[in-house]
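Chemist: This is a predicted model, with the sequence first.
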Amino acid sequence: MSLPPIHPQARRAPHTLFLVWHDIVQSDKLVWFDTTIAEFVAQLTALEKAKALPVDLPRIERWLTTGLQPPPQRAVVLCFDDNTQGIFDFAFPELQKRGWPFVVSAHTAFVGVRTGKAHADWAKLKTMAQSGATVVSQTHSHPPDLRTFSDTKLAKEFTLSRASMTKHLGSPPRHVTYPSGKWDSRVAQAAQAAGYTLGLTEDFGFAEKSPHCLGINRYSTHRRWAEALAALK
């Protein structure tokens, strides 16, 4: 199965950055990849100073797949993985204040469930979706490494998540985030077979330089914030 290519027109004009955060917390970090509210607001301010222009995921997908309607220079897609309660409580209000669209990735087995952290429920996901967010799948159970799964288990992770989102949000998600950024071509092909048209990674670089549409580059704000900010200039 061939994976959907980045359109040649988009390939020639790389300028879109995907940025990814995980939980946003009030002050005390539980894990190293938490971001405090103060840090997050400072990052948003830095994006404003850099004249970054947040755009929604469907627009970027059209550009990457058709080469039409290029996004503005310094376009960014703001992504939040793991659907933690802190995204709803702390990131969402700051983004609403600015009128910025964003992406929330949710693992459907844990929507509204507390694991080590609380996760937003379906009602909160709907609220965000109605206010400028694109809600995407992050598989069903967020396994540590999809590459270790059999073909059957891979298909189940993708299809269960898609069915659950369709039931609770009213339409099937077109996009999927690979948990912990761990993926390969077999994983991408399984996502495509399940009906997803875009796959989000934690590989870095401009979106237009991604290997294909099921392997879109994203800069980790925890590891590569300075590098991402520099790429906007």
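Modeler: Looks like it arrived, so ask away. Just so you know, these numbers come straight off a predicted model, no measurement behind them. Residues are numbered from 1 along each chain as shown.
Chemist: count of residues packed around the closest residue to Asp203 other than its chain neighbours?
Modeler: Distances taken as C-beta to C-beta, 6 or more residues apart in numbering place Asn217 nearest to Asp203, at 5.0 Å, with adjacent residues excluded. In this view, the C-beta of every residue, glycine as well, is placed from N, C-alpha and C. Other residues lying near Asn217 total 20 when counted by other C-beta atoms under 10 Å.
Chemist: Tell me the confidence at Asn217?
Modeler: The per-residue pLDDT reported for Asn217 equals 98.
Chemist: just checking, it touches Leu198?
Modeler: No - here Asn217 lies out of contact with Leu198, judged by C-beta atoms under 8 Å, at a distance of 11.8 Å.
Chemist: before we move on, back to that, wait, what's in contact with the residue nearest to Asp203?
Modeler: 18, 201, 203-207, 209-210 (C-beta atoms under 8 Å, 6 or more residues apart in numbering).
Chemist: Including neighbour count, distance to Thr127 and secondary structure, could the residues you listed go into TSV?
Modeler: Below are the contacts of Asn217 laid out as TSV (neighbours: other C-beta atoms under 10 Å; distance: C-beta to C-beta, whole Å; DSSP: H, G, I helix; E, B strand; the rest coil):
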residue	neighbour count	distance to Thr127	secondary structure
Phe18	25	23	strand
Thr201	21	27	coil
Asp203	17	31	coil
Phe204	19	31	coil
Gly205	19	33	coil
Phe206	17	32	coil
Ala207	27	27	helix
Lys209	15	34	helix
Ser210	26	30	coil
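Chemist: which pair in those residues spans the largest distance?
Modeler: Thr201 and Phe206 (13.0 Å; C-beta to C-beta).
Chemist: can you tell me the helix or strand for the residue sitting nearest the centre point of the chain?
Modeler: The C-alpha lying nearest the average C-alpha coordinate of the chain belongs to Cys79 (C-alpha atoms, centre = their mean; 4.1 Å). In this assignment (DSSP states H and E), Cys79 forms part of strand 75-80.
Chemist: what mean pLDDT does the host helix or strand of Trp63 have?
Modeler: Here Trp63 sits within helix 57-66, counting by DSSP H and E. Per-residue pLDDT values across helix 57-66 average out to 98.
Chemist: Make sure the residue nearest to the centre of the chain is actually in contact with Phe102.
Modeler: Yes - using C-beta under 8 Å, Cys79 is in contact with Phe102, at 7.1 Å.
Chemist: quick one, strands of this protein?
Modeler: Ranges of strands in the chain, per DSSP state E, are 17-21, 24-25, 35-36, 53-54, 75-80, 102-106, 133-137, 175-177, 198-200, 219-220.
Chemist: Mind giving me the packing neighbours of the second one?
Modeler: This means strand 24-25. strand 35-36, helix 37-49 (3 or more C-beta pairs under 8 Å, 6 or more residues apart in numbering; DSSP states H and E).
Chemist: Then the fourth one?
Modeler: Counting contacts by 3+ C-beta pairs under 8 Å, 6+ apart, strand 53-54 packs against strand 75-80.
Chemist: and if you look at the first one?
Modeler: Here strand 17-21 touches strand 75-80, strand 219-220, helix 225-231, going by 3+ C-beta pairs under 8 Å, 6+ apart.
Chemist: Go through these and pick out the most buried.
Modeler: strand 75-80 (a mean of 24; mean count of other C-beta atoms under 10 Å).
Chemist: and the angle from that one to strand 133-137?
Modeler: If you take axes from the mean of the first three to the mean of the last three C-alpha atoms, to 10 degrees, strand 75-80 sits at 60 degrees to strand 133-137.
Chemist: Much appreciated, bye for now.
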